[in-house]
Each structure stands twice: as structure tokens, then as C-alpha cells.
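J.: One predicted model, sequence on top.
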Amino acid sequence: MTTLDTAPDAAPGTAAADVREQSPVNGEPCVLLKLGEVVLKGKNREQFERRLADNVRTAVRPIARVDVVRRHGVFIVRRPGADLATMERVAQRITDVMGIVWAHRAWQVGKDLASVERAALELMDGRTGTFAVRSRRRDKRFPMTSTELDRHIGTLVTARYGQPVRLKNPEHTLSIEVDRDEVFVYSGGLPGQGGLPVGMSGRGLVLMSGGIDSPVAAYRMMRRGLRVDYLHFSGMPFTGPESIYKAYALVRELDKFQTGSRLFVVPFGKAQQQIKSSGADRLAVIAQRRLMLRTGEVLARRLRGSALITGDALGQVSSQTLANITALDDAVELPILRPLVGMDKVEIMDQARRIRTLTISELPDEDCCTLLAPRRAETRAKIGDLRQIEKRLDVGELADQLAASVQEHRPAYGDPAT
Ligand code: ATP
Ligand code: MG
């Protein structure tokens, strides 16, 4: 298959549930997955597909142990003997796996016309409105061409239920995919996330506040195939632990996109106090962000990560001017990825809502950054001035100490809230 399936802009998991309750004779419920950019990857495709199949199996393991069969740009997810409700949950869960564009709950039926007819009639039973049949043959050994099959099944359904065929913008689409040993019949599907399988692009460390932006930044990098760990700085011991609970809840939600997430927490209050008493004044916020990045770099190296990720968006707050972003880049050698750099707050919030982190981010907490917000923050930080402050603080040593003080947590998707 050479076409690139594209997911619509709809929220995943909201498309109509289209698999009927009763099983057509001789059919097995399964899930048919359409892959996105993976199909474009040429020589790496084998590796991509293997990784993606692993990620699918891992994501659904708490629901069922499934077989993932790879076939010419689609995956077939099966569990012999599984009931419809289980396969329904499997399909839902797979919409969070990066690299999947569509999850179709399908009937796998025998490779003969009678079986296809039965499944088609079963799926269209009780429906009203226009419909179209779309057939595709991944294996040409079938007595009819795709067009013949479309017409044959379309005529059959109209004759039985009286529904009119409409090829352009039909209300229902009945899809028939003829494969090597079997035929898949389905109608409708659940849009996935698209993107690349997590793990294909290496590993990075997300600087995770309790705010709206950094969770979205994490999501966008996971969708580009990066496996991420998370680092949160709390104001402890000068603030309560609320920001840690928030970071924990956010990572637990985001864990649905990759599984196995690690959250590292650093008590940052004392270091902030040191920055304050170093006379950093208007530069305190940038000095603090540089110290966060340096600490992140020490930790990332330990975790074999090769990038830092932040939720910076150009101009959103005073610490995010171009001059300040340059001053931040100067603090570390690792690349700092900023997937939100060109996004509006409204766009970021829409995305946060869609991935279900917004309500968590909006919970009240005491952000550690407010501890040392100066009356007027510098918008054009000079790197020379920052280096001078950092010399007084011995930041290299400080970053090492902070990185050594991390506490590790494993927030897992589906775990009960604590
Ligand atoms: P966010 O909504 O992600 O908090 P923001 O718009 O509030 O972002 P800042 O507070 O300036 O912006 O933070 C910019 C970025 O710095 C954040 O997106 C995050 O990556 C990092 N950051 C800020 N505070 C923390 C923290 N307490 N722990 C870890 N990273 C942080
Ligand atoms: Mg913030």
C-alpha cells in the first residue's frame, strides 16, 4: 500500500461505535489498524513496524494478550475467542498508540462471497441513510474485482434494507478488505494519533511543570517517536507537595501514549533561595531556568537521553523572548526541543483538552517559579551577566547535587489516583 492514511482532526475515540452486538456466522471480531507515516519509511519500515507492533501489544496487555499480524501496511489485532466487548476496549486503547491513524473494529470472515455477504448484511442491519461500499484487494485471488464486489454488495444491501447507495459523502461506509486468507468487513472506525511509534526517535527528558504547556510539549515529542522521561522541580521545602501531585497526575495521564513513564522530582526551594541571595535580581528567573536545564542535562545523560524538551512558546511570557531563549540554549550542550515554540495559547489549550491534561493543569498549586519572581523580569538577558552570577553560585556543582537528589516515581496509566 502506498497511500498515506490521514486521521481527521476529530478527537480520538469519539467516532461512532459501529460494530453490531451479534456475531455474523463464521466471523471473528478483530481490530484492523491503519498506519500513518510508518509506511513512508523505506528501508527502516521493517524496524518501524516491529516497534509499532510491540507498542500495540504492550498498550493493550492489561486488557488482553493479543496477536498483531503485519500485512502490507495494515496490522490485524486478534485474540482467538475474544468477545466483542473486549475487542472494543482493545480498539479504544489502541487509539492512544502513536503511529496508528485508524483503528477499525472489523469482522474477519472466510474468503468466499457468501461470508462477505453475510457480514455486510449483518453490519448494515438496522441502519438508515445513504451508504457506499468500498472494497480493496490486498490479495488478488478473489473471483471478483473491487468494483464488482462494491456493486454486488451494494445491490444486495439495497435490496434487503432499501438503503440508497451514494458514492459521494455517504452516511455509512461499508469497507471490505480482501486479504491473503480472509476478508475483513467493517464500517466506521476510531481515529488514532498518527505520528511515529514511540522509541523510534530516541529518548529525551521533558522539563515538566504543573502548567498547561509542558504536557502538550511532551505529547508532541512522543508523537514524533521520542520516548520521554519527566523532570519536575518543586519549591519544597518552601512550598507544599501539591505541584508534585499535579506533575504525577499529568505524567500518569500522558503515560497512555508510551507506557513505562518515569517522573523525577527535585526539591528546588533551597537552590532558588541561593539564586535569590546571589543578587540575581531581574535575572533570577532566567538564572533559575538555566539551572533547571543544567540539572536536566546531568540527569538526561545519566538516563541516556539526548535532548531536553520544554513547553516554551515564543513571547508567551517574559522569560520566552528570543534573547532569553538564546540565553537558555547557552546553558547546556544538549539540544533543547521546544515543540510549542510557534503555537498560540488557544491552540495549546485545545490540544491539552484533547489529550485530557488541561483539567489537571488547571488545578491550583504553588508553582515553584513564583517563589522568586522579581518585580520586573528581564526580557533581554545578557549571557555574560548570567555567567557571572553562576560563577558565584558554582552552578556546575549545584546542578550535580540537584540531579543526585532526584526522587523517582512511576506513574502508570490506569493506576488509581493516589
Ligand atoms: P508551563 O505551562 O509548561 O508551565 P509556562 O507557560 O508556565 O509553561 P514557564 O513557567 O516560563 O512557562 O516555563 C517554561 C518551561 O520551563 C515549561 O514549559 C517547562 O518546560 C519548564 N519549567 C518551568 N517550571 C518548571 C518546573 N517547576 N519544573 C520543571 N520544568 C519547569
Ligand atoms: Mg509554568
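T.: Okay, I see it. A quick note: this is a predicted structure, and the numbers were derived from the prediction, not measured. Residues are numbered from 1 along each chain as shown. Ligands and ions are numbered 1, 2, ... in the order given.
J.: for the host helix or strand of Ile153, which positions count as buried?
T.: Secondary structure from DSSP states H and E places Ile153 in helix 146-161. Buried residues in helix 146-161, counted by 16 or more other CB atoms under 10 Å: 146, 149-150, 152-154, 156-157. Quick note: C-beta positions are derived from backbone N, CA and C, even for glycine.
J.: Please apply the same query to stretch 192-204.
T.: Across stretch 192-204, burial judged by 16+ other CB under 10 Å covers 192-201, 203-204.
J.: Ends of it, what's the gap?
T.: One end of stretch 192-204 sits 23 Å from the other (CA to CA, to the nearest Å).
J.: likewise stretch 332-342?
T.: This stretch, stretch 332-342, spans 22 Å end to end (CA to CA).
J.: Out of the buried residues of stretch 192-204, flag the one nearest to ligand 1.
T.: Gly204 (11.8 Å; CB to the nearest ligand atom).
J.: hang on, the earlier thing: with pLDDT, secondary structure and distance to Leu291 as extra columns, can I get the buried residues of stretch 192-204 in TSV?
T.: Output for the buried residues of stretch 192-204, formatted as TSV (pLDDT from 0 to 100; DSSP: H, G, I helix; E, B strand; the rest coil; distance: CB to CB, whole Å):
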residue	pLDDT	secondary structure	distance to Leu291
Gly192	97	coil	39
Gln193	97	coil	34
Gly194	95	coil	36
Gly195	95	coil	32
Leu196	94	strand	32
Pro197	95	coil	34
Val198	97	coil	29
Gly199	95	coil	30
Met200	91	coil	32
Ser201	90	coil	27
Arg203	98	strand	22
Gly204	98	strand	19
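J.: List just the nearest of those to ligand 2.
T.: Gly204 (18.9 Å; CB to the ion).
J.: For the closest one, which residues are in contact?
T.: By CB atoms under 8 Å, 6 or more residues apart in numbering, Gly204 lies in contact with 221, 226-229, 300, 305-309, 337.
J.: go with 7 Å
T.: Residues in contact with Gly204, defined by CB atoms under 7 Å, 6 or more residues apart in numbering, are 221, 226, 228, 305-309, 337.
J.: neighbours around the nearest residue to Ala323 once chain neighbours are set aside, how many?
T.: Nearest in space to Ala323, with sequence neighbours left out and distances taken as CB to CB, 6 or more residues apart in numbering, is Arg380 at 4.4 Å. Here the number of neighbours of Arg380 (other CB atoms under 10 Å) works out to 10.
J.: go on, the one 5 residues further on?
T.: One way to gauge burial is a neighbour count; for Asp385, by other CB under 10 Å, it gives 16.
J.: Then the one 5 residues further on?
T.: Counted with other CB under 10 Å, the neighbours of Glu390 add up to 21.
J.: what residues are up against the closest residue to ligand 2 within the stretch 101-250 of the chain?
T.: Here the stretch 101-250 of the chain gets closest to ligand 2 at one residue, Gly211, 3.5 Å apart by CB to the ion. By CB under 7 Å, 6+ apart, Gly211 lies in contact with 311, 361.
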